[in-house]
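Participant: got a predicted structure plus its sequence, pasted below:
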Amino acid sequence: MAFFSVIMPVYNKVNTLSDSLECIYRQNFKDFEVIAVDDGSTDGSLGILQQYEKAGLLRLYQRDSPGSGGYAARNLGADKSTGEWLVFFDADDIMLSDHLSCFANAISQCSDIELYVNAYQKMEGWRRLPRIKGRASGRLSRLEALEFFALFDFIHMNGACISRQRFLSMGGFPAGLYRRGGDVYFWLKVLCELKTIHYNANVTTLWLLENSDITRDKRNLVGLHPGVDLFKQYESTLKRSERRQLRLAINRKVLSWAVEKKLLGQSVRLDLEALRLGGMNMRLWLHAISLLVPQPYYNQLRRRIK
């Protein structure tokens, strides 16, 4: 039984797959297994995975429905895993050599915690983009974690380590419900469930934006942001201060989607109606008001802001 199970969903990533796998094997911490789940690749990715499996470097599972969803693929990998801790990693990003060792050190120091988060950084080409630091490394209470998420998405799919038992007990990622945003839905749900998490402010993974097919595909913006569904589930169970931060976090995500829709000429009426007034600050109000500007003028306004 490995200490970590690294779960990698794969769908048509032939150009990046080998590099992403190799950076896993270069980890300083060696007690891990790699579980790859091919989601019906047609570009040669499956052949690469089969070579690594033959070499004994990973366990490979296949799903029948081509490109049917990374959430379902991750859930399958988690179900097949043997490690006590789950680490998710995409087949088109970069894991630095201390990623797993940072998790292992944090677990040894704070063994009562079920979610550990390492900082990540976005990249365009070979350039690292500026990032919001926000918090020092250490324990975060539920309130502190929700406050942090109200500022920006400090949890990225590649940067989280969660207890396998906790992940499975929560039903995993919301497969089949959302085309995009299901990861944010899940991590916010975890924050609402746990009293404490651990955050490491050191960057250990790099998110290569040019490979983000899910976020580039604007068809995935259909409907409201999945976070809206969390309001009904947790507003009655959280403390007043925690509810406000959850509202702020979800309103931020709703407006972020609405901006993308507006730039595409889509209606944002339902998005604005979904906002919770008890979770607005000046910055969010300005975003919401700007979305009321007629379409041609809105595009001009956005260009001026940039």
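Facilitator: Received the coordinates, thanks.
Participant: just for the chain, where's the confidence low?
Facilitator: Low-confidence segments of the chain (pLDDT under 70): 65-68, 214-216, 301-306.
Participant: need the strands for it, in chain order.
Facilitator: In the chain, the strands defined using DSSP state E lie at 4-10, 32-38, 59-62, 85-88, 94-95, 115-124, 127-128, 138-141, 160-163, 196-208.
Participant: which residues of the stretch 51-200 of the chain fall in helices?
Facilitator: With DSSP state H, counting those that start in this stretch as the criterion, the stretch 51-200 of the chain has helices at 70-80, 99-109, 142-151, 164-169, 182-193.
Participant: among those, which comes closest to V293?
Facilitator: Nearest to V293, of all those, is helix 142-151, at 24.9 Å by CB to CB. Glycine gets a C-beta too; all of them are placed from N, C-alpha and C.
Participant: list the buried residues of that closest one.
Facilitator: Neighbour-count burial for helix 142-151 flags 142-150 (criterion: 16 or more other CB atoms under 10 Å).
Participant: out of those residues, flag the one nearest to V10.
Facilitator: F149 (28.2 Å).
Participant: nearest spatial neighbour of that closest one, skipping sequence neighbours?
Facilitator: Nearest residue to F149, sequence neighbours excluded (CB to CB, 6 or more residues apart in numbering): A249, at 4.4 Å.
Participant: next, the contact list for the one you found, please.
Facilitator: By CB atoms under 8 Å, 6 or more residues apart in numbering, A249 lies in contact with 146, 149-150, 188, 227, 279.
Participant: ok, these vs L209, which is closest?
Facilitator: F149 (20.2 Å).
Participant: go ahead and confirm that closest one touches Y185.
Facilitator: No - in this structure, F149 is not within contact of Y185 by CB atoms under 8 Å, at 12.0 Å.
Participant: dump the residue contacts of the residue lying closest to S18 once chain neighbours are set aside.
Facilitator: On the basis of CB to CB, 6+ apart, the spatially nearest residue to S18 that is not a chain neighbour turns out to be I48, at 6.1 Å. Residues in contact with I48 (CB under 8 Å, 6+ apart) are 14, 17-18.
Participant: who wins for neighbours among the residues you listed?
Facilitator: Taking other CB atoms under 10 Å as the neighbour criterion, L17 ranks highest of the contacts of I48 with 23 neighbours.
Participant: that older thread, can you redo the helices of the stretch 51-200 of the chain as CSV with distance to N202?
Facilitator: Listed next are the helices of the stretch 51-200 of the chain as CSV, based on distance: least, CB to CB, whole Å:
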stretch, distance to N202
helix 70-80, 24
helix 99-109, 7
helix 142-151, 16
helix 164-169, 24
helix 182-193, 19
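Participant: can you give me the helices for the stretch 201-306 of the chain?
Facilitator: 213-216, 228-234, 240-263, 269-273, 282-290, 295-305.
Participant: of those helices, which stretch is the most buried?
Facilitator: Stretch with highest mean neighbour count among the helices of the stretch 201-306 of the chain: helix 240-263 (a mean of 21; mean count of other CB atoms under 10 Å).
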